[in-house]
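Enquirer: Sequence plus the predicted model coming up.
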Amino acid sequence: MITAILVAFALYALAGQQITERVKAWYATAKTPTIDGKHVAAIALVAAAVIAFMPGKTAPQPSPAPAPPDAFTLRGKFIGVSAAEDASTMSALCGELADCIDYDGKHDQRLKTGVAFDDLRVAAREMRCRGESIGARQLQVRDAVHKYLDDAVGSSGGPVTPESRAAWVSALRDLSRAAADVAK
């Protein structure tokens, strides 16, 4: 852009007077165009086409409902270069686990104990994370999640009641939401 401006100034410096005289001579002999209805219609159609192809503003995306002020949070606990990826992975993993446990409760109920829930969690983490542990990288998250789960669902590995299953589903969905809030 700057190059074009410099070239234009150089041409004007060299031949500005001659260019000005030729433009004045052309303007003096040029006929003024007559504009009729066809011209106005053509200009309106071109303007409409330009407006139609201009990138418009997209409709605003509805923001998710804010978490209640007393809701569990993981903000400030994910740290390091893999923090956002770890939070996103944890959110997806906890959400899937909640869905699986919820589905199992409404169908054949293979998961009948707290130990089965924990085995499912460990197996899912190993499969999804290829054996790596987010908790090993994110110590503050591991400790917060451990305390939250102990408070929300307890540490019993025994038989699961419909109420305890619902508590697990709710707790895992809370963990998923809290991790998703960090990943944003």
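Expert: Yes, it's here.
Enquirer: how about F72, secondary structure?
Expert: F72 carries the three-state label coil when classified by DSSP: H, G, I helix; E, B strand; the rest coil.
Enquirer: One more: V145?
Expert: Taking three-state DSSP, the label given to V145 is helix.
Enquirer: repeat for the one 10 residues further on
Expert: The three-state label for S155, taken from three-state DSSP, comes out as coil.
Enquirer: Enumerate every residue touching the closest residue to it other than its chain neighbours.
Expert: Nearest residue to S155 in three dimensions, chain neighbours excluded: G114, at 7.8 Å (CB to CB, 6 or more residues apart in numbering). No exception for glycine: its C-beta is placed from N, CA and C like everyone else's. Counting by CB atoms under 8 Å, 6 or more residues apart in numbering, G114 touches 153-158, 160, 164.
Enquirer: from those residues, which would you call buried?
Expert: 153, 160, 164 (16 or more other CB atoms under 10 Å).
Enquirer: backbone phi and psi for P159, please?
Expert: Backbone torsions for P159, taken as degrees, to the nearest 10, come to phi -60, psi 150.
Enquirer: For the longest helix out of those in the chain, give the mean pLDDT please.
Expert: Longest helix in the chain, counting residues (DSSP state H): helix 2-29. If you average the pLDDT over helix 2-29, you get 79.
Enquirer: So if we follow the domain assignment, how does this structure break up?
Expert: Using automatic domain parsing, the domains assigned to the chain come out as 16-53, 83-183.
Enquirer: for the helix or strand that the longest helix of the chain is followed by, the distance to its chain's centre please.
Expert: Per DSSP states H and E, the first helix or strand lying C-terminal to helix 2-29 is helix 37-53. In terms of CA atoms, centre = their mean, to the nearest Å, the centre of helix 37-53 is found 38 Å from the chain centre.
Enquirer: Also stretch 119-132?
Expert: Using CA atoms, centre = their mean, the offset of stretch 119-132 from its chain centre is 25 Å.
Enquirer: CA atoms of that stretch as CSV?
Expert: Presented in CSV, the C-alpha positions along stretch 119-132 are these (Å, rounded to 0.1, in the frame of the first residue of the first chain):
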residue,chain,number,x,y,z
ASP,A,119,-14.0,-49.3,38.6
LEU,A,120,-15.9,-47.7,35.8
ARG,A,121,-14.3,-44.3,36.5
VAL,A,122,-10.8,-45.8,36.6
ALA,A,123,-11.4,-47.8,33.4
ALA,A,124,-12.8,-44.8,31.6
ARG,A,125,-9.9,-42.6,32.6
GLU,A,126,-7.4,-45.2,31.6
MET,A,127,-9.0,-45.7,28.2
ARG,A,128,-9.6,-42.0,27.5
CYS,A,129,-6.3,-40.7,28.8
ARG,A,130,-4.3,-43.6,27.6
GLY,A,131,-3.1,-44.4,31.1
GLU,A,132,-2.1,-40.9,32.0
